[in-house]
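>>> Could you look at this predicted model? Sequence included:
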Amino acid sequence: MNNVKIPLLEIPNLNEGIFLTRPNRFVSEIKYKNEIKLGHIHDPGRLKELLIKGKEVLFTDSRGKLDYYVKAVKHQNEWILIDTALHSKIALRVFTHLPETSK
């Protein structure tokens, strides 16, 4: 296997804000440009070790009822993807580039 780096995922139009609260398992309050907006969290898990007030989050504009879709949270200087809808897309990209599974 060669050491070619392949981008696994590109998320256009990302914005960075600050996580404030999680009123329920799918909704978050985000501070962005000195305004508090609502973001959809596509992960019903608790994520209590990640979603802590003051943490940086990445998000995109939403086409749904809420203002944004939360994609990732910064934890220990690493971005952690919390949009579970994207995990299978990344896995598919990985598997298509593995010699054992790309046939």
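Nice, thanks for sending it over.
>>> Give the buried residues for the helix or strand containing Ile90.
Using DSSP states H and E, Ile90 falls within helix 87-95. For helix 87-95, a neighbour-count test (16 or more other Cβ atoms under 10 Å) marks nothing as buried. Glycine gets a C-beta too; all of them are placed from N, C-alpha and C.
>>> cool, and stretch 66-79?
If you call a residue buried by 16+ other Cβ under 10 Å, then stretch 66-79 has these buried ones: Leu66, Asp67, Tyr68, Tyr69, Val70, Lys71, Ala72, Val73, His75.
>>> For stretch 85-100, list the C-alpha coordinates in CSV.
In CSV, the C-alpha atoms belonging to stretch 85-100 read as follows (Å, rounded to 0.1, in the frame of the first residue of the first chain):
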residue,chain,number,x,y,z
ALA,A,85,-24.8,10.9,8.9
LEU,A,86,-21.3,11.5,7.6
HIS,A,87,-19.6,8.5,9.2
SER,A,88,-20.9,6.0,6.6
LYS,A,89,-19.7,8.3,3.8
ILE,A,90,-16.2,8.4,5.2
ALA,A,91,-16.2,4.6,5.7
LEU,A,92,-17.3,4.0,2.1
ARG,A,93,-14.5,6.3,0.9
VAL,A,94,-11.9,4.4,3.0
PHE,A,95,-13.1,1.0,1.9
THR,A,96,-12.9,1.9,-1.8
HIS,A,97,-9.2,2.7,-1.4
LEU,A,98,-8.2,-0.4,0.5
PRO,A,99,-6.7,-3.0,-1.7
GLU,A,100,-8.6,-5.8,0.1
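>>> Endpoints of stretch 49-62, how far apart?
Stretch 49-62 has an end-to-end distance of 25 Å (criterion: Cα to Cα, to the nearest Å).
>>> Great, nothing more from me.
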